[in-house]
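Visitor: Give me a 3D structure for the following:
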Amino acid sequence: MSSATDAQGRLYIPKEVREKYGQKYHIVLYEDKIELIPVADDPLAAVREAAGELHASAVEEIREDIEAEAKDEAEEAGGDR
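Guide: Here you go, the predicted model:
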């Protein structure tokens, strides 16, 4: 899919894309390209959705998982000496 800017620099985004990704975008500039990143209408809802299973987990359970993973990594690093 491609699109061109008009004389005033506006970019036409096809209806199907707007319906799927919304009306607002962050523009990310790279040396050789640009990227449009959709901005959620409700950022808090987007974070909750991205968190998925973490949202339903107890804080203590998450903390225990993190500590266990850190312990495993520390033991592996100690064995490399």
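Visitor: Going by C-alpha atoms from here, please, whenever you check contacts or count neighbours.
Guide: Will do.
Visitor: Using the three-state scheme, assign residue 35.
Guide: When the structure is split into helix, strand and coil by DSSP: H, G, I helix; E, B strand; the rest coil, residue 35 lands in strand.
Visitor: quick one: pLDDT of it?
Guide: Residue 35 is assigned a predicted lDDT (pLDDT) of 92.
Visitor: Enumerate every residue touching it.
Guide: Taking C-alpha atoms under 8 Å, 6 or more residues apart in numbering as the definition of contact, the neighbours of residue 35 are 27, 28, 29.
Visitor: SS state for the first one?
Guide: Okay, so that is residue 27. strand.
Visitor: how about the helices of the chain, start to end?
Guide: 15-21, 43-51, 53-56, 59-79 (DSSP state H).
Visitor: give me the number of residues near residue 44?
Guide: By the criterion of other C-alpha atoms under 10 Å, residue 44 has 10 neighbours.
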